[in-house]
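Enquirer: Structure for the following, please:
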Amino acid sequence: MPRNPSPIPALAAGLTVLVLAAMVPAPVNPDLRVTNLVPRFLAFHEQAEGLELSMRQSAEAEGESFRWSRFEEARNELWNEHLGELGDLVSRKGNRPWEPEGLDEAWDRYRQSLDRIRRAADGISPDPQAVLRQVAELLRLDQQFQLDLIVYVGTFQDEPAFRRRGGEYSILLPAERLPANMRPILVDLYTRAIHARLSGRPADDELSLAQHLFLRGLALRVHEEAEPGRWSHEYLLRSQDWLLAAEGRDAAILEGVRASLDERDPSRLIRFLEGGGATGLDGEFDYAAWRISGMLLMEGWTLDRLARVPEGEVAALVAEAIRER
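Expert: Next comes the predicted model:
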């Protein structure tokens, strides 16, 4: 049987709130609003390709060189006609909105990604509403919650992301970069969104390493609970050999993140979030998040209680879990 959570002095006042939060009423079904801008992108792309071909043929017939700048200007006008509001919809701190320069760089790459983009035009699979409802049930969502899911085509610069603007919660999915297996991404982003709603956490911008680890670990464990019975490395989207290598560096990985739990500088966080962390192993961040969340669950925490941990208490909780390993 799992033990009760060890007392944490820094969290003593918050534990009473968390215990009460565990006794929540039946989950509330969240409201998902889907905006799919991919068909509009495809209409733009078809017209722009036709325009490029026509302008090239005209230049050749007149014995002139094709003027890219003229096509670029006309193509950007077509973008504004079809997708002019896209910049406002997807812009967020740390992620540039669409700009003409970005479109110029992405133009040739679109042809290589059209099959993936066209699949997104028909909708996201698995059913986004069903996945959201499952995550909400596991986290025992007990508050009214409206979430916007925006599927769009960017310029190969954006990653799928959660965004919060005041009381508005959004999931942003750039179709040109979406993998075939969307469930892990949806579970991760929905977990972040629901945690933000239940805990009062602001957007993901400027989170500390401890908060990044906490959120990622919670999402991984929600995925595990939603689809039980798999090997651990499958939830981490890694190989068994990778997991064995990570387990061999367990102490060094955890000590590496422990020393930087308060780090918020994006230029320093990137080595943990996207690089090899303390030991140079690719994917260290996910391993550390998986381990820390597992330790918390072994101490008696539940997914719905973790989803309600206030932002200011996360660092102490993560640090205590690492010390108690």
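Enquirer: What is the top helix by length along the chain packed up against?
Expert: The longest helix of the chain (DSSP state H) is helix 38-61. Helix 38-61 sits against helix 68-83, helix 100-121, strand 146-152, with contacts defined as 3 or more Cβ pairs under 8 Å, 6 or more residues apart in numbering; DSSP states H and E. For the C-beta atoms, the positions are set from N, CA and C on the backbone; glycine is no exception.
Enquirer: low-scoring pLDDT stretches of this structure, where are they?
Expert: 1-27, 91-100, 202-205 (pLDDT under 70).
Enquirer: now the strands: where do they sit in it?
Expert: In the chain, the strands defined using DSSP state E lie at 31-36, 146-152, 161-165, 168-174.
Enquirer: Of all those strands, which one is nearest A120?
Expert: Smallest distance to A120 across the strands of the chain (Cβ to Cβ): 5.7 Å, for strand 146-152.
Enquirer: Give me the helices and strands touching that closest one, please.
Expert: If you count contacts as 3+ Cβ pairs under 8 Å, 6+ apart, strand 146-152 packs onto strand 31-36, helix 38-61, helix 86-90, strand 168-174.
Enquirer: any idea which of those is most buried?
Expert: Highest mean neighbour count of the helices and strands packed on strand 146-152: strand 168-174, a mean of 21 (counted as mean count of other Cβ atoms under 10 Å).
Enquirer: what about the helices and strands packed on helix 38-61, which gets the closest to P179?
Expert: Smallest distance to P179 across those (Cβ to Cβ): 8.9 Å, for helix 100-121.
Enquirer: Strand 168-174 and the closest one, what's the angle between them?
Expert: Between helix 100-121 and strand 168-174, the angle comes out at 90 degrees (axes from the mean of the first three to the mean of the last three Cα atoms, to 10 degrees).
Enquirer: Now do helix 100-121 and strand 146-152, the angle between them.
Expert: Using the same axes, to 10 degrees: helix 100-121 against strand 146-152 is 110 degrees.
Enquirer: What would helix 100-121 look like as PDB? C-alpha coordinates only.
Expert: This file holds the C-alpha atoms of helix 100-121, laid out as PDB (Å, rounded to 0.1, in the frame of the first residue of the first chain):
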ATOM      1  CA  PRO A 100       6.000  37.400 -44.300                       C
ATOM      2  CA  GLU A 101       9.600  36.400 -43.800                       C
ATOM      3  CA  GLY A 102       8.600  33.200 -42.100                       C
ATOM      4  CA  LEU A 103       6.300  32.300 -45.000                       C
ATOM      5  CA  ASP A 104       9.100  32.900 -47.500                       C
ATOM      6  CA  GLU A 105      11.300  30.400 -45.600                       C
ATOM      7  CA  ALA A 106       8.500  27.800 -45.300                       C
ATOM      8  CA  TRP A 107       7.200  28.000 -48.900                       C
ATOM      9  CA  ASP A 108       9.100  25.200 -50.400                       C
ATOM     10  CA  ARG A 109       8.700  23.000 -47.400                       C
ATOM     11  CA  TYR A 110       4.900  23.000 -47.600                       C
ATOM     12  CA  ARG A 111       5.000  20.800 -50.700                       C
ATOM     13  CA  GLN A 112       6.800  18.100 -48.700                       C
ATOM     14  CA  SER A 113       4.200  18.300 -45.900                       C
ATOM     15  CA  LEU A 114       1.000  18.600 -47.800                       C
ATOM     16  CA  ASP A 115      -0.100  15.000 -47.000                       C
ATOM     17  CA  ARG A 116       0.200  15.700 -43.300                       C
ATOM     18  CA  ILE A 117      -1.500  19.000 -43.600                       C
ATOM     19  CA  ARG A 118      -4.400  17.600 -45.600                       C
ATOM     20  CA  ARG A 119      -5.000  14.900 -42.900                       C
ATOM     21  CA  ALA A 120      -5.300  17.700 -40.300                       C
ATOM     22  CA  ALA A 121      -7.900  19.400 -42.600                       C
END
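Enquirer: and it, how far out from the chain's middle?
Expert: Averaging C-alpha positions (Cα atoms, centre = their mean, to the nearest Å) puts helix 100-121 21 Å from its chain's average.
Enquirer: Pull out the buried residues from it.
Expert: Neighbour counts using 16 or more other Cβ atoms under 10 Å place 102-103, 106-107, 110, 113, 117, 120-121 of helix 100-121 among the buried residues.
Enquirer: quick one: which of the helices and strands packed on strand 146-152 is nearest R133?
Expert: R133 lies closest, by Cβ to Cβ, to one member of these: strand 31-36, at 8.6 Å.
Enquirer: Mind giving me the packing neighbours of the closest one?
Expert: Counting by 3+ Cβ pairs under 8 Å, 6+ apart, the packing neighbours recorded for strand 31-36 are helix 128-138, strand 146-152.
Enquirer: got a list of contacts for the shortest one?
Expert: Strand 146-152 is contacted from outside by 30-38, 41, 83, 86, 89-90, 120, 124, 128, 132, 168-175, 190, 193, using Cβ atoms under 8 Å, 6 or more residues apart in numbering.
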